[in-house]
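J.: need coordinates for the below:
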Amino acid sequence: SNGSTPTSSLMEAKDKMLYGITQNGGLNNKGTIFQYDPTFDVYTKKFDFDGKSGAMPTGPMMQADDGKIYGTTQEGGTNDRGVLFQFDPVTATCIAKVEFDGTNGSSPYGELMQANNGKIYGMTREGGTNNEGVIFQFDPVTSDYSKKFDFGDNTANGKYPEGGLTEGADGKLYGVATSGGLTTSSFADGLGVLFQFDPATATYTKKFDFDGLSIGGNPNGTLVKTPNGKLYGLTTYGGTIDKDHPSGHGVLFQFDPVTSGVSGMLNFNGVGKGSRPNGSLLLASDGNFYGVTNYGGLFNMGVLFQVDLSSFTYTKKIDFEQPTGKLPNHTKLIEVALINSIAKNKAVQLNMDVYPNPAKERVTISLDQKIADATIKIISVSGQRVLEKTKLSGDSFTLNTADLSSGIYFIEVTEKENTSRLKLIKE
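T.: Modelled structure (predicted):
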């Protein structure tokens, strides 16, 4: 009932909560949107897709400048070809803003992005004039949708994109198409291409054909931009081959938008480094890349890896196996800063202790400093205020919790503009 078959990646919203989707499950078995609080380890299902609002969401969601969260579904809508939806994290309402009909695109797989011009861009894997995918633009202010490019006019230009777009330092958008480009006897649909799209002129330019060899083949996911302006991505095939993997284990590649040069920077190899990555890289705050592979590792269930951006030294961090999850698919890791309590103003965060916790009839809140004219609230996981005390002064307070139902709550202490929270369990 709380969702099943989670795919893709989580995203961190402005409220510091993580949001994600499941392809299936929920009340209608058409997928869900969920929220996860990483500080208090609380999972909350926020919305059940019902077909009209979309079905079978796949790609990562993103939060636009208006505070709303946007995403796409592969199916659902009037034409059952997927929708572009808007989810409000404040009200937990979700509405289909665009219904794909085949002509304007169909079955989006990848993630959306908001460019510097304020418009949202994405791609569909199918649909369009040639039924091989489109690039589209959506205006979150006016809700206007426009198809900008049809893949497949010339198969050599790429087709069936499954990732998202990345804005380069030059203001152009860059992405990969999983198929199209060079063909071989083993890859009749092509090995994929890397392209540039100019949102100002709606001009599409193929920049590179993947070769299935040292540069890799069949790229997936979204390119990642580094501070030096270069873009990096992953291919599912190419690179190191062996008798069991004649098409290769995949490659981490680099693209320079200035020179249009492409280089294979690292080859995956199966047990040691993983195999068949089909997602996106994370450039973390420590300057390293992190990612996952779909297969390979000690148990052939995928690995989590780290790559040093300066030297491209590879370090395997985790071998996935059944107890820890397996076969990560179309995944992009995210980086989240965790804290023991949530404070709006970290510089003056109140250090507090709550006891007993779990609590029964009463709970005491002890602070490391005196506060004045403060407010203490107890809030349910659904956001409902169940108890509030105002105009409090001191450094220790006792609240009566006897009438609260058993469950998880948050104790929130506010003094002026400073707010801190801790989790409370009521038995």
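
J.: look up phi and psi at Asp403.
T.: Reported as degrees, to the nearest 10, the phi and psi values for Asp403 are phi -90, psi 0.

J.: confidence score at it?
T.: Per-residue confidence for Asp403 comes out at a pLDDT of 92.

J.: what's the distance between it and Thr390?
T.: In this structure, Asp403 and Thr390 are 19 Å apart, going by CB to CB, to the nearest Å. Glycine gets a C-beta too; all of them are placed from N, C-alpha and C.

J.: what does Glu126 give?
T.: Counting by CB to CB, the gap between Glu126 and Thr390 amounts to 57 Å.

J.: repeat for Phe320
T.: Phe320 sits at a distance of 50 Å from Thr390 (criterion: CB to CB).

J.: can you check Phe138 too?
T.: Applying CB to CB, one obtains 44 Å for the distance of Phe138 from Thr390.

J.: one more: Asn300?
T.: According to CB to CB, Asn300 and Thr390 sit 59 Å apart.

J.: who has more neighbours out of the two?
T.: Asn300 (17 against 10; other CB atoms under 10 Å).

J.: in a strand, that one, correct?
T.: No: in this structure, Asn300 is coil, not part of a strand, as judged by DSSP: H, G, I helix; E, B strand; the rest coil.

J.: ok, it - contacts?
T.: For Asn300, the contact set (CB atoms under 8 Å, 6 or more residues apart in numbering) comprises 271, 275.

J.: tell me what Ile21 is bridged to.
T.: Counting by DSSP bridges, Ile21 is bridged to Ile33.

J.: from memory it sits against Pro57, does it?
T.: Yes: using CB atoms under 8 Å, Ile21 is in contact with Pro57, at 4.1 Å.

J.: shared neighbours, these two?
T.: Contact criterion CB under 8 Å, 6+ apart; residues shared by Ile21 and Pro57: 31, 33, 71.

J.: so where does the last one fall, helix or strand?
T.: Secondary structure here is read from DSSP states H and E; on that basis Gly71 sits in strand 69-75.

J.: contact partners of that strand?
T.: Contacts of strand 69-75 from elsewhere in the structure, counted by CB under 8 Å, 6+ apart, are 11, 13, 19, 21, 30-31, 33, 49, 54-64, 81-89, 97, 107-109, 112, 120, 122, 124, 138, 140.

J.: buried set for stretch 130-138?
T.: For stretch 130-138, the buried set under the neighbour-count rule, 16 or more other CB atoms under 10 Å, comprises 131-138.

J.: in its sheet, what does the strand ranked longest in the chain sit against?
T.: When the chain is scanned for its longest strand (criterion: DSSP state E), the result is strand 362-380. Partners of strand 362-380 in the sheet, by DSSP bridges, are strand 352-355 (antiparallel), strand 385-400 (antiparallel), strand 407-415 (antiparallel).

J.: so which of these comes closest to Asp189?
T.: Taking CB to CB as the measure, the strands paired with strand 362-380 were each checked against Asp189, and strand 407-415 came out nearest at 49.3 Å.

J.: of all the residues in the closest one, which ones are buried?
T.: With burial defined by 16+ other CB under 10 Å, the residues of strand 407-415 counted as buried are 409-415.

J.: which of these lies closest to Asp209?
T.: Within the buried residues of strand 407-415, distances to Asp209 taken as CB to CB reach their minimum at Phe410, with 53.5 Å.

J.: wait, doesn't that closest one sit right on Ser420?
T.: No: taking CB under 8 Å as the definition, Phe410 is not a contact partner of Ser420, at 10.2 Å.

J.: still on that earlier bit, need the strands paired with strand 362-380 in a markdown table (columns: mean pLDDT and distance to Gly325).
T.: Converted to a markdown table, the strands paired with strand 362-380 look like this (pLDDT from 0 to 100; distance: least, CB to CB, whole Å):
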| stretch | mean pLDDT | distance to Gly325 |
| --- | --- | --- |
| strand 352-355 | 86 | 32 |
| strand 385-400 | 92 | 35 |
| strand 407-415 | 86 | 24 |
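
J.: could you list the low-pLDDT ranges of the stretch 301-427 of the chain?
T.: Along the stretch 301-427 of the chain, the parts satisfying pLDDT under 70 run over 337-350, 382.

J.: for the closest residue to Thr364 other than its chain neighbours, give me its contacts.
T.: Spatially, and ignoring its direct neighbours in sequence, Thr364 is nearest to Thr398 (4.8 Å; CB to CB, 6 or more residues apart in numbering). With CB under 8 Å, 6+ apart as the criterion, the residues that contact Thr398 are 362-365.

J.: from these, pick the one nearest Lys426.
T.: Closest approach between those and Lys426, by CB to CB: Val363, at 8.4 Å.

J.: run through the bridge partners of the closest one.
T.: Legend: beta-bridge partners of Val363 under DSSP bridges are Leu399.
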